[in-house]
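>>> just a sequence and a predicted model for now, questions to come.
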Amino acid sequence: MVWEIARLDIHEGHNQAFEAALTEAVPLFARAHGCRGMQVQHSTEHPQRYYLIVDWNTLDDHTVRFRESDDFARWRGLVGEHFAQPPVVEHTDRLDVGFTAEPVR
């Protein structure tokens with residue numbers, strides 16, 4: 001597994017529209033070859049900053065198959081106007097260290 005972690009800094013005042021575009025983009029990732037899941041985190045300290053975290057089977061699933069797809073063009077069309085600067089993308093390998101807590105009911 002390879003995790004894509006993208007820091008997305010957006011223009012001031014674009015949060016609501018950007019979050020709507022993110023919601024609209026979820027199906028693009030859901031149907032992408034090799035995409036195992038995705039989530040978005042919003043920075044508490046930096047209100048214009050988001051982190052897109054995507055779980056891919058392989059690096060090529062992201063950097064070749066998705067980036068060369070029509071869905072990637074659609075993704076950028078949905079969110080691109082909101083970017084204050086180009087996204088900063090890093091890929092990581094998950095280590096089997098840590099835990100996930102059970103949801104509180």
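Perfect, thanks for sending it. Numbering: from 1, shown residues only.

>>> which SS class is the spatially most central residue of the chain?
Geometric centre of the chain, nearest residue: Leu52, 2.7 Å, by Cα atoms, centre = their mean. Three-state call for Leu52 (DSSP: H, G, I helix; E, B strand; the rest coil): strand.

>>> quick check, it in contact with Glu4.
Yes. In this structure Leu52 lies within contact range of Glu4 using Cβ atoms under 8 Å: 7.2 Å. All C-beta atoms are positioned from the backbone trio N, CA, C, and that covers glycine.

>>> okay, and the beta partners of the nearest residue to His91 once chain neighbours are set aside?
Excluding its sequence neighbours, the residue lying closest to His91 (Cβ to Cβ, 6 or more residues apart in numbering) is Val2, at 5.3 Å. Counting by DSSP bridges, Val2 forms beta bridges with Trp56, Asp93.

>>> for Val2, what are its contacts?
Neighbour list for Val2: 55-59, 61-62, 91-93 [criterion: Cβ atoms under 8 Å, 6 or more residues apart in numbering].

>>> buried members of those into PyMOL, please.
In PyMOL syntax, the buried subset of these is picked out as below (16 or more other Cβ atoms under 10 Å):
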select buried, resi 55+56+61+62
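
>>> in TSV, list the contacts of Val2 along with distance to Thr44 and pLDDT.
Compiled in TSV, these are given as follows (distance: Cβ to Cβ, whole Å; pLDDT from 0 to 100):
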residue	distance to Thr44	pLDDT
Asp55	23	96
Trp56	27	97
Asn57	31	96
Thr58	32	96
Leu59	30	96
Asp61	31	97
His62	27	97
His91	25	97
Thr92	22	97
Asp93	27	93
